[in-house]
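A.B. asks: Sequence and computational prediction follow.
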Amino acid sequence: MLILVFFGTIRQGELGLYLTQKIYFSSLISWIYFIPIPGGRLIMFVMFINLFSFLFRKSLWKIKKIGILIVHSGALLLLIGGGLTAYFSSEGRMTIKEGEKSNYIQDYYDKEFSITSSDTTIVFNVKDNSINQSILIGDINFNIDVLSYFDNSNSFSRVDSTYKGYYRLNDIISKPSEKEFEMNNAAIIYKITGISNDIDGIYANTIFKSHTHSLDTDIGTILFSLRPKRTYVPFSIELIDFIEELHPGTTIAKSYSSEVMLHINDTSRRVVIEMNEPLRYNEYTFFQSSFNRQQNTEFSTFAVVKNYGKLFPYISSIMMCIGLLTHLLMMLTRRIKK
């Protein structure tokens, strides 16, 4: 584990936090140059098996060892919580315009490709370059073929009438990932056939410059979008008011908060989300992350964390403290009796 932490810390400057965590700590096997070593998850699994096996020792199940038993049970619970967090937790963001509401969370890293009409939305995994689907929207049956997907890209101005939309004026090439993975300008190149001669062709979207392309068809407008992966939730949050407090005599924010309305089925409740006072609902936690202003319109962004193992560190820490204290008191009692 120390070797893993050492090399992970060194490579973080080169790869960034996300890729370092994925390569070294979220894998079963990691590679240091050409040498394979156990990854973070494999090490945690071995530690879990070791602690779990230790509980079956007969010598441990005695009154005088009750403190040690509680300590090891707490450590085992901590590893279980870590496993739940590693495999089932998620994080993302929710950006809401003042006066509007949202019921979906955007992933920081994963992207999706969506095709949307007035009454239909179809979503694809953008990393599946083999996508070649026949799409039926209304009375229009057309084919979408994903030619390329780049985690990060560069765009260069050009004019090529053989392509359509943004791709006609800009060439797109792949580039190495940024250290901050969420700063990657993901791009997708796709081919549309079967709508009409004027519309059929090869298009491209990028996550920052041209994430949505609209096509006017006989049944209305169809939107083709490259966007962060969305996770829809069974409630919605409405931004009532964004409040910013500045340092006196400056334009630097001292603190900021959001007054929101949490809508759950037919009920609603008003909540204020501040920088150190998040909103907790079910397994979700909403933190005030950032804000933005565009043409006198305010947007508030919340970092959203879903973590099934969030209570395990607290419970296991209490158990280990109780176990250590119990063991200490029993040791002192035996010494006093002697």
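C.D. replies: Everything's here; your move.

A.B. asks: quick one: residue 37 from residue 31, how far?
C.D. replies: Using CB to CB, to the nearest Å, one gets 7 Å for the distance from residue 37 to residue 31. (Glycine included, C-beta is placed from N, CA and C.)

A.B. asks: same deal with residue 198?
C.D. replies: Applying CB to CB, the value for residue 198 to residue 31 is 50 Å.

A.B. asks: what's the answer for residue 195, then?
C.D. replies: Residue 195 is 46 Å from residue 31, by CB to CB.

A.B. asks: Of the two, give the one with the bigger neighbour count.
C.D. replies: Neighbour comparison, residue 195 and residue 31: the larger count goes to residue 195, with 19 against 13 (by other CB atoms under 10 Å).

A.B. asks: three-state assignment of that one?
C.D. replies: coil (DSSP: H, G, I helix; E, B strand; the rest coil).

A.B. asks: Then the one 10 residues further on?
C.D. replies: When states are read from three-state DSSP, the local structure at residue 205 comes out as strand.

A.B. asks: List the beta-bridge partners for the nearest residue to it once chain neighbours are set aside.
C.D. replies: Counting by CB to CB, 6 or more residues apart in numbering, residue 226 is the residue found nearest to residue 205 once chain neighbours are left out, at 4.0 Å. Counting by DSSP bridges, residue 226 forms beta bridges with residue 113.

A.B. asks: What distance do you get for residue 226 to residue 25?
C.D. replies: Taking CB to CB, one finds residue 226 at 29 Å from residue 25.

A.B. asks: Neighbour count: those two, which is higher?
C.D. replies: Using other CB under 10 Å, the more surrounded residue of residue 226 and residue 25 is residue 226, with 23 against 18.

A.B. asks: show me where the stretch 151-300 of the chain has strands.
C.D. replies: Ranges of strands in the stretch 151-300 of the chain, per DSSP state E, counting those that start in this stretch, are 153-157, 170-174, 187-193, 201-206, 212-217, 220-246, 253-264, 267-274, 279-281, 284-294, 297-306.

A.B. asks: will you turn the ones you listed into JSON lines that also has mean pLDDT and distance to residue 73?
C.D. replies: Listed next are the strands of the stretch 151-300 of the chain as JSON lines, based on pLDDT from 0 to 100; distance: least, CB to CB, whole Å:
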{"stretch": "strand 153-157", "mean pLDDT": "91", "distance to residue 73": "50"}
{"stretch": "strand 170-174", "mean pLDDT": "91", "distance to residue 73": "50"}
{"stretch": "strand 187-193", "mean pLDDT": "92", "distance to residue 73": "49"}
{"stretch": "strand 201-206", "mean pLDDT": "92", "distance to residue 73": "51"}
{"stretch": "strand 212-217", "mean pLDDT": "87", "distance to residue 73": "53"}
{"stretch": "strand 220-246", "mean pLDDT": "91", "distance to residue 73": "34"}
{"stretch": "strand 253-264", "mean pLDDT": "89", "distance to residue 73": "37"}
{"stretch": "strand 267-274", "mean pLDDT": "92", "distance to residue 73": "36"}
{"stretch": "strand 279-281", "mean pLDDT": "91", "distance to residue 73": "27"}
{"stretch": "strand 284-294", "mean pLDDT": "89", "distance to residue 73": "27"}
{"stretch": "strand 297-306", "mean pLDDT": "92", "distance to residue 73": "27"}
